[in-house]
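# My questions concern the predicted model and sequence given below.
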Amino acid sequence: MDNIDFKRIFVYSFLLILFLSLAYAKNSTINHDSKEIFKQKDNLKFIKDNSSIYMSSSIGVTASSEIEIVWPEPGYYYVADYMQLELNTNNPSVCSYSLDGSAFETMEETGGTSHYHTVFHLSDNMNSDLPYVVDFKCIDGGESTAETYFWINTTDIDKYFIRHNIEGWEYHGSDLSWSGNEEGELEDYRGYYYSQEKDLYAVALVSIFDNENSVKFFLDKYVLNDSLYAINNSVIDANNVVYIFGNGSAQSIVWNSGNKFIWISSFKNESVPIILGDVPLEIISLYLNKYPSQLRYGVCGDGKVDIMNLEGKKEECDSNYEVKSCSFNLGVCTTGQSKRECSSGCMWEDWSQCRAINSSNEICNNLDDDCDGETDEGNICINENPDLIIYSPNITIYNNTKVQFNITLGNNSINELSYIDWSENKPKFNVLCKNCNEYGLSKKKIKTFKDGEHNLTIKTVRDSQKMERNVSFFVDSKKPQISKIEPKQNYFSNGSGFLVKYTEDNVENISLNFNVDNVSFTKECNSGKNKECLFNVDLGNFDGEELEYWFGILDIAGNIAESKKLKIKVDTTAPVINQFNYTMVGKNVLFMFNITEKNFEKISYIDWNDKNPKEKTLCSKLKNGMCIIRKTLNSGELNLTISVLDEAGNFVKKRIGVCEWRPTENYGLCDAVLGYYYNGQSCVALSGCINQDNKIPFISQNECNIKCLS
């Protein structure tokens, strides 16, 4: 396989990902011009005779070829584990190369003057002063020679790729193919595999972004909104959802994991136009294990915002709303707020008009108190008694039980001014003043009212004439009471399970706040005694950090209560099962796990063959990342769900036993797997999905509606 035209593979793979890359200027091989891709090695001690680098010498009087080395450049290191050798000659020649003194091997050529060859499986030599040295020899009747040298750095590709053979797929090579900053995309890495049995190449692309939001923006803009490609999502296993996209029969698999975007497909090397093959599920499975998918799956109305839900629809929102500040300058109001609601189809509705947030009821004061563009409208200054003007009470809601009264009665005094509160258990008129023409104007007058709604009638008596005016307001003087918040101090959190328990009869909204970047989440919650409000938020940008959080509760009167501030440790990364094996003898099973998880909680299992299946613990600690334990089961047949959980609540599951070749996930009426479902007793093949390796079902949560996608 070493004679494969690897350069052509790169070209084809580039065409496959072109629509995902927004036509970035990313070359199809190692970028010859970008020093972000290859860099000069520091502290260079290896000294070569510069006259031999990129130069050629001739042997024999008939030699006339001059060698121009195109690639690689000398003295640089490359983030790759292969090297494309390229050179040009001015005359048709037969060229060969020697790596580190090995025997010369003939290079491929085009037109006799362009020569190339790919050397695979190069090891990292960055810690050595000795580079890889390549000698070239070209013959056109005489002999010309040239030489170059380079280093290889595999640190990053060791981190991002699975660099070994995978179940019939031979690993070929990987590299850093692009580096820069385009809408938050920082680096692209590519890895290649080959299946001799299927005569297919598989390419895995791992793109690194500056944060999770940039990845989601990329998915939304360049994957879901590309009209050329049919998009669906599919359940790969109990914890992973991916997108299947394609045009006609061509399919590829994409998903996001943290700040990474993963893309996998396969293709035939010699086909023009390119022909895609079946998605290599063997490779997908291992990459999902390395990069657990963070795509959510659900239905519109479940309260989770799914980039694409199981109904095949893109969601912008789900049962929530957003508010934003806006400029407002009308009447006495200077600040405003606009709101947009989430529609029943989980798409944002239009922003509402800017509405004042510091308006009040209109009173007779020659001002526009309710900020509607009109002053003292609604005959506010015209009474049954034209001299009766009520300046206070004049607002809808008071946050104090002490309410100021300010009433004027014109120049002529009245016999009596009184009021009655119809909200009291035994309403009666209370005299405010006698033989007066004002109350509360010359001297501040306060009346006390209980919390709640109040409907008042203010009455004046002059001789035998009685005049009345009605006033209504609401009193809420008590701050919300917070009795409990979770998670507790110094606990781990993955963004879910933020809970506040409180007592408040008139909740306006509740906010969850963090001490970084003004991060805050607000939602409407129920009013009442000992109520609870739960927040599940995205903290992916703060994975591995320690944050401080607190809750704030605002009531309709503007009273605010804040909880104490607690520190939490953020962990949004699920455990990784590097290796899992088991050996069963009778009813005894020996389990062996190799787990990567710095905040490990436990490994548990459910035995579905038990009479009353329930979760049981396998391991509560790891030793050097390993858990080796023996368990005796009630049945000699395996039908288990195994879960690996960390302290933040992140988990990964495996299903072994029935249908174990494809892990399952419960969807109400059935357990569905790739090409099969478990009916509670045995595995049943789906119609049209007999070939479990090549078919992927699309599953609707509502009625276990399963159809197969080619």
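Nice, thanks for sending it over.

# what's the model's confidence in the helix or strand in which Ser179 is found, averaged?
In this structure, Ser179 sits in strand 170-182 according to DSSP states H and E. For strand 170-182, mean pLDDT is 86.

# Buried residues in that strand, which are they?
The neighbour-count criterion (16 or more other Cβ atoms under 10 Å) identifies Tyr171, His172, Gly173, Ser174, Asp175, Leu176, Ser177, Trp178, Ser179, Glu182 as the buried residues of strand 170-182. (Glycine included, C-beta is placed from N, CA and C.)

# now do stretch 628-639
Of the residues in stretch 628-639, Leu633, Leu638, Asn639 count as buried by neighbour count, 16+ other Cβ under 10 Å.

# Tell me which other helices or strands the strand holding Ser179 touches.
In this structure, strand 170-182 packs against helix 6-16, helix 155-160, strand 185-195, with contacts taken as 3 or more Cβ pairs under 8 Å, 6 or more residues apart in numbering; DSSP states H and E.

# about what we covered before: okay, and which of the buried residues of stretch 628-639 map to strands?
Asn639 (DSSP state E).

# can you put the buried residues of stretch 628-639 in a markdown table and add distance to Asn506 and pLDDT?
Formatted as a markdown table, these follow (distance: Cβ to Cβ, whole Å; pLDDT from 0 to 100):
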| residue | distance to Asn506 | pLDDT |
| --- | --- | --- |
| Leu633 | 56 | 85 |
| Leu638 | 56 | 76 |
| Asn639 | 52 | 79 |
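
# between the buried residues of stretch 628-639, which is closest to Ile606?
Among the buried residues of stretch 628-639, Asn639 lies closest to Ile606 (Cβ to Cβ), at 9.2 Å.

# Leaving out sequence neighbours, find the closest residue to the residue nearest the centre of the chain.
Residue closest to the mean C-alpha point of the chain, counted by Cα atoms, centre = their mean, is Glu212 at 5.1 Å. Closest residue in space to Glu212, ignoring its immediate chain neighbours: Gly540 at 4.0 Å, by Cβ to Cβ, 6 or more residues apart in numbering.

# picking up where we left off before, in JSON lines: the buried residues of strand 170-182, plus distance to Gln579.
Output for those, formatted as JSON lines (distance: Cβ to Cβ, whole Å):
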{"residue": "Tyr171", "distance to Gln579": "18"}
{"residue": "His172", "distance to Gln579": "24"}
{"residue": "Gly173", "distance to Gln579": "24"}
{"residue": "Ser174", "distance to Gln579": "21"}
{"residue": "Asp175", "distance to Gln579": "27"}
{"residue": "Leu176", "distance to Gln579": "27"}
{"residue": "Ser177", "distance to Gln579": "29"}
{"residue": "Trp178", "distance to Gln579": "32"}
{"residue": "Ser179", "distance to Gln579": "32"}
{"residue": "Glu182", "distance to Gln579": "37"}
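
# before we move on, back to that, pick out the shakiest of the helices and strands packed on strand 170-182, pLDDT-wise.
Here these differ in mean pLDDT, and the lowest is helix 6-16 at a mean of 38.

# and Ile577, what is it in contact with?
Asn289, Phe593, Asn594, Ile595, Val644, Val652, Lys654 (Cβ atoms under 8 Å, 6 or more residues apart in numbering).

# want to throw those residues into TSV with neighbour count and pLDDT?
Formatted as TSV, the contacts of Ile577 follow (neighbours: other Cβ atoms under 10 Å; pLDDT from 0 to 100):
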residue	neighbour count	pLDDT
Asn289	18	80
Phe593	23	91
Asn594	16	91
Ile595	20	91
Val644	26	92
Val652	23	86
Lys654	20	79
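
# Which of these fall in strands?
Phe593, Asn594, Ile595, Val644, Val652, Lys654.

# which one of these sits closest to Ile628?
Phe593 (7.7 Å).

# can you list the weak-confidence ranges in the stretch 551-700 of the chain?
By pLDDT under 70, the weakly predicted segments of the stretch 551-700 of the chain are 636, 657-700.

# 80 - rerun?
Counting by pLDDT under 80, the ranges of the stretch 551-700 of the chain that qualify are 635-639, 654-700.

# the strands in it, which residues?
Secondary structure of the stretch 551-700 of the chain (DSSP state E, counting those that start in this stretch): strands located at 560-562, 566-570, 576-585, 588-596, 600-607, 615-619, 626-632, 639-646, 651-657, 665-666, 671-672, 676-678, 683-685, 696-700.

# Name the residues that touch the second one?
Pointing back at strand 566-570 there. Residues from elsewhere that reach strand 566-570 (Cβ under 8 Å, 6+ apart): 485, 487-495, 539, 542-550, 599, 648.

# Quick check: nearest residue in space to Ser343, chain neighbours excluded?
Leaving out its chain neighbours, the residue that sits closest to Ser343 by Cβ to Cβ, 6+ apart is Glu349, at 5.2 Å.

# Thr155 now?
Ranked by Cβ to Cβ, 6+ apart and with sequence neighbours excluded, the top spatial neighbour of Thr155 is Asp124, at 7.1 Å.

# and if you look at His121?
Asp81 (6.6 Å).

# Look up how far Leu554 lies from that neighbour.
57 Å (Cβ to Cβ, to the nearest Å).

# Just want to know which of these two has more residues nearby.
Neighbours per residue, other Cβ atoms under 10 Å: of Asp81 and Leu554, the larger number sits with Asp81, 24 against 18.

# looking at it, that one is touching Thr155, isn't it?
No: if you go by Cβ atoms under 8 Å, Asp81 and Thr155 don't touch, sitting 10.9 Å apart.

# so what sits against both of those two?
Counting by Cβ under 8 Å, 6+ apart, the residues touching both Asp81 and Thr155 are Asp124.

# follow-up on the earlier one: Leu441: which of the buried residues of strand 170-182 is nearest?
Nearest to Leu441 among those is Glu182, at 68.1 Å by Cβ to Cβ.

# re the thing from before, counting neighbours, what do you get for the residue nearest to Glu212?
Counted by other Cβ under 10 Å, the residues lying close to Gly540 total 21.
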